[in-house]
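Colleague: Need coordinates for the below:
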Amino acid sequence: MTQLPYLLLLLSNVLALLSVLQEKGYSVRISQKPYDTYIYIDNFMFGRHVEKQHLINFLLENNIAGPPPVLPIIGGRGVGKRTLVTHVCNDERVSSQFNFILHINGANLGQITENGNLSARTLVIEFFSDVDDNDWKKFYSHVTNLSRENKVIILTTIEKLERFGTVKPMTLNRLVYEEYRYLFKTLAFGSTDPVDHPQLIPIVEEFAELLEGRLIPANILADVLRKNLNVHFWLCKLRQVQITAKKNMTMSGAHPHKLFDQGHPAHFTGYILSPPTIITPNVPQNDLPQLRFGDLLTGHIFPPNGDFKLISWESRIPPYTSFVHTARFCLSLSQDQPESPLSGRKHRRPFS
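Modeller: Have a look, this model is predicted:
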């Protein structure tokens, strides 16, 4: 019963959004599945209704005469490009028409073309760097020769790869502030009514501004905050985020999130964190110790005085990817830090 107000609030917002979309002329189908929305709140997705419908329409439209259509989906790290595509491909309207969907790393285009092992009608290609035009032409010609009924989706952070599209590219941006603030508040309070904790509501506003619309930090922090609805605890975590942001602005001239987006490392207490690597299930890892970001933030686990893998987020929905940083201990940085769970120093009691 404690979940009821939370679920009713979520449902009312979803229905309100559907009403607005219908008024604007969008054809909206209300699914019977309980999480047929986008960004997951626990096991419910939030937002991206327009993008989802656009992608479904692209996949279900009959191909006109000519080579297969190519839709580039462009967006920054962690905005949910692969999650959106995976969710759409699991929609019963799409899965009933496309019985096999092939996911390809763009770096392997040449190998795939040479081997000729393409049998899917929908190909999802993820590019982490630019690709030579000749390599793309060979690949696209191969796909066309196999079947003109194929559909191709490109996922990338690189805007200039939209040149390979045959239809208008889809751009996934971060949520606007009002949406992001609402999402963070819902995540942080969970089934608890925020009205019962009025002192925490202004702290939500400050977190929403500091995190700049980033979904992974929102999930990490909200998961920690939800377990301890204490004003002092929330203010302490807010202060940690402020100090980290200020430290990176002073040393590198940018917010840590922007440093990661640009492929640069960021400073985090006594450690230097590499940009996150996206890891899929069953991929072998090296022997470095692995710690979860959320566990460190709670203060119950302390990092080693050495390098380790820091798992910032593990997706709870397909494709079940993880975002993993390499954390490298830096003695000069740790000596400048106040005592904290992430400083690499031994403590007599957990930080709280």
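Colleague: quick one: the helices in this protein?
Modeller: Counting by DSSP state H, the chain has helices at residues 4-23, 49-60, 81-89, 92-95, 109-115, 133-146, 177-189, 201-211, 215-226, 231-252, 256-261, 293-298, 331-334.
Colleague: can you pull the contacts of the closest residue to G78 other than its chain neighbours?
Modeller: Distance criterion CB to CB, 6 or more residues apart in numbering; nearest residue to G78, sequence neighbours excluded, is I216 at 5.0 Å. (Glycine included, C-beta is placed from N, CA and C.) For I216, the set of contacting residues under the criterion of CB atoms under 8 Å, 6 or more residues apart in numbering consists of G78, P276, S312, W313, F323.
Colleague: Among those residues, which pair sits farthest apart?
Modeller: Every pair in those was compared (CB to CB); the two farthest apart turn out to be G78 and S312, at 9.3 Å.
Colleague: what touches both of those two?
Modeller: Contact with both G78 and S312 is made by residues I216, P276, F323, according to CB under 8 Å, 6+ apart.
Colleague: and the residue nearest to T280 when sequence neighbours are not counted, backbone torsions?
Modeller: Counting by CB to CB, 6+ apart, the nearest residue to T280 once its immediate chain neighbours are dropped is T321, at 5.5 Å. Here is the backbone geometry of T321 (degrees, to the nearest 10): phi -80, psi 160.
Colleague: Can you tell me how far T321 is from G263?
Modeller: Note on T321: its distance to G263, by CB to CB, to the nearest Å, is 18 Å.
Colleague: neighbour count winner among the two?
Modeller: Using other CB atoms under 10 Å as the criterion, T321 and G263 rank with T321 on top: 18 against 10.
Colleague: I'd guessed the more buried one sits against I311; true?
Modeller: No - here T321 lies out of contact with I311, judged by CB atoms under 8 Å, at a distance of 11.0 Å.
Colleague: residue contacts, the closest residue to K185 other than its chain neighbours?
Modeller: Nearest residue to K185, sequence neighbours excluded (CB to CB, 6+ apart): V204, at 4.8 Å. The contact partners of V204, taken as CB under 8 Å, 6+ apart, are R181, F184, K185, A188, P194.
Colleague: excluding its backbone neighbours, what's nearest the first one?
Modeller: Spatial nearest neighbour of R181, excluding adjacent residues (CB to CB, 6+ apart): A208 at 4.1 Å.
Colleague: Quick check: which ranges of the stretch 201-350 of the chain have low pLDDT?
Modeller: By pLDDT under 70, the weakly predicted segments of the stretch 201-350 of the chain are 281-286, 316-319, 331-350.
Colleague: Domain ranges for the chain, per the record?
Modeller: Described in terms of automatic domain parsing, the domain architecture of the chain consists of the residue ranges 49-172, 174-253, 265-352.
Colleague: Minimum distance to L259: which of those domains has it?
Modeller: Put simply, out of those the one that sits nearest L259 is domain 265-352, at 4.5 Å, with distance taken as CB to CB.
Colleague: how near is Q240 to L296?
Modeller: The value you get for Q240 to L296, if CB to CB is used, is 10 Å.
Colleague: Check F98 too.
Modeller: 41 Å.
Colleague: do L60 as well
Modeller: Remark: distance between L60 and L296 (CB to CB) = 45 Å.
Colleague: Compare the two (neighbour count), which wins?
Modeller: Applying other CB under 10 Å to L60 and L296 shows that L296 carries more neighbours, namely 22 against 13.
Colleague: and L273, how many residues sit next to it?
Modeller: When counting by other CB under 10 Å, one arrives at 20 neighbours for L273.
Colleague: pretty sure it contacts P265?
Modeller: Yes - the pair formed by L273 and P265 meets the contact definition of CB under 8 Å, at 6.0 Å.
Colleague: residue contacts, the most centrally placed residue in the chain?
Modeller: Using CA atoms, centre = their mean, the residue of the chain that lies closest to the mean C-alpha position is G78, 3.1 Å off. Remark: with contacts taken as CB under 8 Å, 6+ apart, G78 is in contact with R214, L215, I216, P276, F323.
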